[in-house]
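Structure, please.
(one chain, ligands or ions: 1)
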Amino acid sequence: MAAGAHRRQMAVFLAAALFLAAVLLLQAANAADAGVTSKYRRKLEATVDMPLDADVFRVPPGYNAPQQVHITLGDQEGTAMLVSWVTPNELGNTTVMYGGAPDRMDMQAQGIHTRYDYFNYTSGFIHHCFLKNLKHSTKYYYAMGFGHTVRAFSFTTPPKPGPDAPIKFGLIGDLGQTFDSNATLSHYEANGGDAVLYLGDLSYADHYPLHDNNRWDTWARFVERSVAYQPWIWTAGNHELDYAPEIGETAPFKPFTHRYPTPYRAAGSTEPFWYSVKLASAHVIVLASYSAYGKYTPQWTWLQDELANRVDRNATPWLIVLVHSPWYNSNSYHYMEGETMRVQFEQWVVDARADLVLAGHVHSYERSHRVSNVAYDIINGKSTPVRDPRAPVYVTIGDGGNVEGIANNFTEPQPAYSAFREASFGHATLDIKNRTHAYYAWHRNQDGAKVVADGVWITNRHWMPTNDDGDTTH
Ligand SMILES: [Fe+2]
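Okay, here's the model as predicted:
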């Protein structure tokens, strides 16, 4: 072969090799950037409610025994607890005795009670009692049911709000009362959190004819084993509406508001559906997807004031927003239902450097990269989510396992903002270590076991605003 031809051949070969290398590099870069749609598939089986005679729904023994015991924070700072329960036969006693030891419940608080009718259902006597002036990080024992059957429980108050106060949250949404729901709750209990951030849709009683409110009762008995011992922070979902004009039930949220009070007044709110609490180093804002949030509405006004005047990242560095309907959702189920609220509030949460926006509603799991979509101004055409280190991570965790089943129809291709998604049931934990770092993990229900399928270190947007979160461990 002539030397010239050989050189030409070598040049062609080198050019081809360089092109191939460039293509491989590009593919690798894309692969590192692309989101993951998990290949795991839960066993195809029906998601069915546990029967009314299931052991988890058992009525506690004894005449008029208190049942459905649950607690939530009673104020903004964690020095009050709101204790609720139901007595089935008669009003009985609304007193709660409490103290530092099981045999030293030497303090008492007097509660109030309520009842409601829902079509052909009449509730039991629903008691609510504030325990005030509690010390932080302190275990209290409490009991109620005096005069008939006494039941006793305990809780530990959260740490005093402070920049490095650790706390471990459970994140649960759309739980319902199926066998899968029971697995989810058991897995959370095994993981051992301090409080639950609940993303809405509790009992799914409205799945039944006439919204059979007995299923509100069974749900509350089912979750008592956790929520009687640690506060759950409630977000209202669409299954709390119980709006049924066809049977004359036109007052939205009737069962929910009678049963699940929130400390909204302490947060300067005027409705129980949007409010905030401080737990350790976290400032948690609860928003309401099913209440008005347009400009000048009470929720809009409250949130504006909350972000401007009541969030102090030096005192509580972690800013976490709870809402039922997700703003970022790449599942065909409930697709874009959260869009109007995103348009209304996304700029605010980006400006506020919120760390996380947690949602439920969609019965699968999804976590986003840090993205925002706030550039659009009707003429510039910029309506695509872009990577934005100022923005929160969005998590959809409506995968508690309720009777409606799994949302297994993701949009394809996976959008660039979506980091990980999977059509399974489960729950997550958010383990806040200090002002800068929290470990977030999603625990899939896998054939009766819990498996960490998605985990990531989250860095705080106030203290590490430019740090690119990474280290996923799926
Ligand atoms: Fe929902």
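
Show me the helices in this structure, by range?
3-33, 179-191, 214-227, 254-259, 298-305, 339-351 (DSSP state H).

Just to check, K132 is in contact with T79?
Yes - using CB atoms under 8 Å, K132 is in contact with T79, at 7.3 Å. From N, CA and C alone the C-beta is placed, and that goes for glycine too.

Quick check: the residue of the stretch 301-450 of the chain nearest the ion.
H361 (3.8 Å; CB to the ion).

what's that residue sitting at in phi/psi?
phi 80, psi -50 (degrees, to the nearest 10).

burial count for it?
For H361, the neighbour count with other CB atoms under 10 Å is 28.

same check, this time on A292
A292, neighbours per other CB under 10 Å, totals 12.

now do Y208
14.

quick one, what contacts it?
By CB atoms under 8 Å, 6 or more residues apart in numbering, the contact set of Y208 is R215.

same question, Q67
V59, P60, W85, V86, T87, P88, G124, D217, A220, R221, E224.

Repeat that for A292.
Neighbours of A292 in contact, by CB under 8 Å, 6+ apart: P298, Q299, W300.

doesn't F273 make contact with the first one?
No - under the criterion of CB under 8 Å, P298 is not in contact with F273, lying 10.0 Å apart.

the more surrounded of the two?
F273 (25 against 15).

Quick check: N133 touching E77?
No - N133 lies out of contact with E77 (CB under 8 Å); the separation is 11.1 Å.

The two: which is more packed in?
Looking at N133 and E77 with other CB under 10 Å, you find the greater number of neighbours at E77, namely 18 against 10.

Who does the nearest residue to S368 once chain neighbours are set aside form a beta bridge with?
Leaving aside its chain neighbours, S368 sits nearest to Y394 (4.1 Å; criterion: CB to CB, 6 or more residues apart in numbering). When bridges are called by DSSP bridges, Y394 pairs up with V357.

low pLDDT regions in the chain?
For the chain, applying pLDDT under 70 flags the ranges 1-33, 42-44, 470-474.

Spell out which residues of it are next to the ion.
D201, G237, N238, H361 (CB under 5 Å from the ion).

most neighbours, which of the residues you listed?
With neighbours taken as other CB under 10 Å, the top of the residues of the chain next to the ion is H361, carrying 28 neighbours.

OK, contacts around the nearest residue in space to N120 that is not next to it in sequence?
Sequence neighbours aside, L210 is the residue nearest to N120 in space, at 6.6 Å (criterion: CB to CB, 6+ apart). For L210, the contact set (CB under 8 Å, 6+ apart) comprises F119, N120, Y121, A244, I247.

re the thing from before, list just the nearest of the contacts of Q67 to the ion.
Distances from the ion to these, taken by CB to the ion, are shortest for A220, at 18.5 Å.

Roughly how far does the spatially closest residue to the closest one that is not a sequence neighbour sit from V36?
Spatial nearest neighbour of A220, chain neighbours left out: Q68 (3.4 Å); criterion: CB to CB, 6+ apart. Counting by CB to CB, to the nearest Å, the separation of Q68 from V36 is 40 Å.

Next: A267.
Counting by CB to CB - A267 and V36 are separated by 37 Å.

Compare these two and say which is more crowded by neighbours.
More crowded of A267 and V36, by other CB under 10 Å: A267, with 20 against 16.

show me the contacts for that one.
Contacts of A267 (CB under 8 Å, 6+ apart): Q76, Y275, S276, V277, E306, R310.

Just give the closest residue to it, not the sequence neighbours.
Closest to A267 by CB to CB, 6+ apart is Y275, at 4.0 Å.

which ones are touching the one you found?
Per CB under 8 Å, 6+ apart, neighbours of Y275: T262, P263, Y264, A266, A267, S269, V286.

Cross these against strands and list the overlap.
V286 (DSSP state E).

Most neighbours among the contacts of Y275, please name it.
Greatest neighbour count in those, by other CB under 10 Å, goes to V286: 27 neighbours.

partners of it in the sheet?
V286 forms beta bridges with Y275, L322, as assigned by DSSP bridges.

what does E422 give?
Beta-bridge pairing of E422 under DSSP bridges involves Y365.

Could you double-check that it sits in contact with A453?
Yes - the pair formed by E422 and A453 meets the contact definition of CB under 8 Å, at 6.4 Å.

Identify the contacts common to those two.
S38, Y40, Y365, R444.

What remains of the residues you listed if I keep only buried residues?
Using 16 or more other CB atoms under 10 Å as the burial test, the shared contacts of E422 and A453 include S38, Y365, R444 as buried.

For the closest residue in space to D164 that isn't next to it in sequence, grab phi and psi.
Of all residues not flanking D164 in the chain, N434 sits nearest, at 4.5 Å (CB to CB, 6+ apart). Dihedral angles of N434 (phi, psi; degrees, to the nearest 10) stand at phi -160, psi -160.

Looks like N434 contacts G162 (just checking).
No - using CB under 8 Å, N434 makes no contact with G162, being 10.4 Å away.

Mind listing the shared neighbours of these two?
Joint contacts of N434 and G162 (CB under 8 Å, 6+ apart) are S281.

ok, the closest residue to A228 other than its chain neighbours to the ion distance?
Ranked by CB to CB, 6+ apart and with sequence neighbours excluded, the top spatial neighbour of A228 is V69, at 4.1 Å. V69 sits 25 Å away from the ion, going by CB to the ion, to the nearest Å.

just checking, V69 touches E224?
Yes - here V69 reaches E224: they are 5.3 Å apart, a contact under CB under 8 Å.

And those two? Which one has more around it.
It is V69, of V69 and E224, that has more neighbours when counted by other CB under 10 Å, with 25 against 20.

for the more buried one, what are its contacts?
Counted by CB under 8 Å, 6+ apart, V69 has contacts V83, S84, W85, M144, R151, F153, E224, V227, A228.

List the contacts of the closest residue to G360 other than its chain neighbours.
Among residues not flanking G360 along the chain, G173 sits closest, at 2.8 Å (CB to CB, 6+ apart). Shown in contact with G173 (CB under 8 Å, 6+ apart): 198-201, 237, 324, 358-361, 397-400.
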